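[1] Test case, fold it:
(2 chains)
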2 protein chains.
Amino acid sequence: MNIAVVGLGIIGGSFCKAFKKYTNHHIIGMNRTLSTAQKALDTGAIDEIGAPETLGKADLIILTMYPQADVEFIEKNGNYIKKGALVTDASGIKKAICPQLKELAEKYGFVFAGSHPMAGKEKNGFDVSDADLYKNASYIITPCGADQKYIDILSELAKSIGFTTIKITTPEEHDRMIAFTSQLPHVLACSYVMSPCCPNHKGFSAGSYRDVSRVANINSKLWSELFLENKEPLTKELDILIGNITRIKDAIKNEDKETLTDLLEQGHQIKKALGE
Amino acid sequence: MNIAVVGLGIIGGSFCKAFKKYTNHHIIGMNRTLSTAQKALDTGAIDEIGAPETLGKADLIILTMYPQADVEFIEKNGNYIKKGALVTDASGIKKAICPQLKELAEKYGFVFAGSHPMAGKEKNGFDVSDADLYKNASYIITPCGADQKYIDILSELAKSIGFTTIKITTPEEHDRMIAFTSQLPHVLACSYVMSPCCPNHKGFSAGSYRDVSRVANINSKLWSELFLENKEPLTKELDILIGNITRIKDAIKNEDKETLTDLLEQGHQIKKALGE
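    Residues are numbered from 1 along each chain as shown, chains lettered A, B, ... in the order given. So this is what the prediction gives:
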């Protein structure tokens, strides 16, 4: 296949490097800043630098920019896309963009299915992209009405570069789960490091501090977009979390050891039931 | 030195294994459940099984039980301890037990200095103890009036088994910082996994879920004791955290992108300033 990856940050760059390392597909890279695309070409992460006018060569297009930028890119360049080509994204939210991309697919005659590779790092950009970023990770697909044969193409491709779990779901279910698994930890990490104690943590900290604070090193522009585009599920999860923290806090304040132990034991049992 | 380690869970067991691996000290192990002490002896983690009546042989005694159990052990067995011997603990709280242990030291003629090895795992018990648990970790000492020569002995011993940072502080400062670096992440982890989404996270989760939820697999009995014995600093930190989460939540609810981006950017800048 000719695969065009639009956006060469950590996610797009890692797709390119993984395709080059593990498959024989022809990889076309596109990036707003041309010097990054040039670097990708020079380091062998892509086979050629693409442009909107040459998008027609691509059998598969993977959009890895910010969610709204993905939509705008297609609005602007949809007419260059080959009829019947498969287009997917890599966004952390689905409900806010999938219907628009589906509509654009119908307008321009390509096929759209959403997807979300569940991998990342606490740093961003092409320089930290990695051919093995997706090893053992989960690949979520939101078909949005695309035929099974296209879902199979995406699934097989994902498996070929290291993903071990393929999850097929709806945009709504995706967004509800991602609010919990990914967005909540990012809100938490930022909230956590705002404590006046944080700048003095060294010498007093170990794995717990490291783990909770890790993703506080956040891309504030990207994540504020992601949070706002998932407002309902995320604020619901935040209310649940604040409620649970408050229950534990109250038990401590009231020196109610029985309730406190019961609450902590719930955490223990939930993890145990998950085999974690 | 003859070193007696009282309590052979993950912390005590790791001390024994590390002393055996990296030093030539003679290691005496004591544990409430005798079969664990026997296993420690059989696997070469200790040189002999101790008993209260033989505590007089020890130049250094390390208490690694629950905080109040440490105090009770000395109340009961203080008369067996050699005059001038050094006694330390390994507890996650200091203000609630250091004054009592210092008083007992004066009563029985030994020297007490508090300490807290900043290392652990999400599992407990002798079986997961590890000679290299303390590698690159921080060792916090609360001298509580002990002479510098005793602090030097503890520091050198800690370095000999892998600790790379020695932090000397007061019980108050220790407890205030530990509320943030260690206790808060444990409250968070338990609160987090109580979400109704948690049992279905597989396929939707990656590093962020794993990191925040890791320590939810908690020893509820130990940690409820630790939390209650550090009530003031911990509830203060919890109030700060709930406040910060709420500020981010409100910005999302109000679709106030500028405030939201500013708040997330604070997280980014704090981590950046720490070089993390």
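[2] Show me what residue of the stretch 101-250 of chain A gets nearest to chain B.
    A:Cys190 (3.1 Å; CB to the nearest CB). Using the backbone N, CA and C atoms, a C-beta is placed for each residue, glycine as well.
[3] pretty sure that residue contacts B:Arg247?
    No - counting by CB atoms under 8 Å, A:Cys190 stays clear of B:Arg247, with 9.9 Å between them.
[4] between the two, what contacts are shared?
    B:Leu263 (CB atoms under 8 Å, 6 or more residues apart in numbering or on different chains).
[5] quick one: which of these two has more around it?
    Comparing A:Cys190 with B:Arg247 by other CB atoms under 10 Å in any protein chain shown, the one with more neighbours is A:Cys190, at 28 against 16.
[6] Look up the pLDDT of the more buried one for me, please.
    pLDDT recorded at A:Cys190 is 97.
[7] How about stretch A:147-156, which residues are buried there?
    By neighbour count on 16 or more other CB atoms under 10 Å in any protein chain shown, the buried set for stretch A:147-156 is A:150-151, A:153-155.
[8] gap between the closest residue in space to A:Ile97 that isn't next to it in sequence and A:Glu172?
    Leaving aside its chain neighbours, A:Ile97 sits nearest to A:Pro67 (4.9 Å; criterion: CB to CB, 6 or more residues apart in numbering or on different chains). Distance check for A:Pro67 against A:Glu172: by CB to CB, to the nearest Å, it reads 16 Å.
[9] Neighbour count for these two, which is higher?
    The residue with more neighbours, out of A:Pro67 and A:Glu172, is A:Pro67; 24 against 13, by other CB under 10 Å.
[10] thinking that one is in contact with A:Glu225, fair?
    Yes - when contacts are counted by CB under 8 Å, A:Pro67 is listed as touching A:Glu225 (6.3 Å).
[11] Spatially nearest residue to A:Pro185 (excluding sequence neighbours)?
    B:Ser208 (3.8 Å).
[12] A helix includes that neighbour, no?
    Yes - assignment of B:Ser208 by DSSP: H, G, I helix; E, B strand; the rest coil places it within a helix.
[13] contacting residues for it?
    With CB under 8 Å, 6+ apart, B:Ser208 has these contacts: A:181-182, A:185-186, A:215.
[14] again, only this time at 10 Å
    Shown in contact with B:Ser208 (CB atoms under 10 Å, 6 or more residues apart in numbering or on different chains): A:118, A:120, A:122, A:178, A:181-186, A:188-189, A:211, A:214-215.
[15] again with A:Val212
    A:185, A:188-189, A:191-193, B:181, B:184-186, B:188-189, B:192, B:211-212, B:214-215.
[16] likewise A:Ile27?
    So A:Ile27 contacts A:1-5, A:15-20, A:40-41, A:44-48, A:50 (CB under 10 Å, 6+ apart).
[17] A:Lys221 now?
    A:66, B:257, B:261, B:264-265.
[18] That one should be in a helix, yeah?
    Yes - using three-state DSSP, the secondary structure at A:Lys221 is a helix.
[19] Could you rank the contacts of A:Lys221 by neighbour count and give me the top one?
    So for these (other CB under 10 Å), the most neighbours sit at B:Leu264, 26 neighbours.
[20] How much space separates that residue from A:Asp256?
    According to CB to CB, B:Leu264 and A:Asp256 sit 35 Å apart.
[21] same thing with A:Gly207?
    29 Å.
[22] if we can go back for a sec, A:Leu184 is in contact with the residue of the stretch 101-250 of chain A closest to chain B, correct?
    No - look at A:Cys190 against A:Leu184 with CB atoms under 10 Å: they stay out of range, at 11.2 Å.
[23] if we can go back for a sec, okay, the contacts of A:Lys221 in a markdown table with pLDDT next?
    Below are the contacts of A:Lys221 laid out as a markdown table (pLDDT from 0 to 100):
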| residue | pLDDT |
| --- | --- |
| A:Tyr66 | 95 |
| B:Lys257 | 98 |
| B:Thr261 | 98 |
| B:Leu264 | 98 |
| B:Glu265 | 97 |
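[24] how about those in TSV, adding distance to A:Lys167 and secondary structure?
    Listed next are the contacts of A:Lys221 as TSV, based on distance: CB to CB, whole Å; DSSP: H, G, I helix; E, B strand; the rest coil:
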residue	distance to A:Lys167	secondary structure
A:Tyr66	23	coil
B:Lys257	30	helix
B:Thr261	30	helix
B:Leu264	27	helix
B:Glu265	32	helix
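[25] ok, back up a step: just the contacts of A:Ile27 that are near chain B?
    Among the contacts of A:Ile27, no residue lies close to chain B (CB under 10 Å from any CB of the partner chain).
[26] Just the ones of those in strands?
    Secondary structure from DSSP state E places A:2-5, A:48 of the contacts of A:Ile27 in strands.
[27] Show me where the stretch 151-276 of chain A has its helices.
    Listed in chain order, the helices of the stretch 151-276 of chain A (DSSP state H, counting those that start in this stretch) span A:171-178, A:184-193, A:207-213, A:220-228, A:231-253, A:257-273.
[28] hey, which of those helices is tucked in deepest?
    helix A:184-193 (a mean of 26; mean count of other CB atoms under 10 Å in any protein chain shown).
[29] Alpha carbons of it, in CSV - could you do that?
    The C-alpha trace of helix A:184-193 is given here as CSV (Å, rounded to 0.1, in the frame of the first residue of the first chain):
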residue,chain,number,x,y,z
LEU,A,184,-8.5,12.0,34.1
PRO,A,185,-4.8,11.0,34.8
HIS,A,186,-3.7,14.1,32.8
VAL,A,187,-6.0,16.4,34.9
LEU,A,188,-4.8,14.7,38.0
ALA,A,189,-1.1,15.1,37.2
CYS,A,190,-1.4,18.8,36.6
SER,A,191,-3.5,19.3,39.7
TYR,A,192,-1.1,17.3,41.7
VAL,A,193,2.1,19.2,40.9
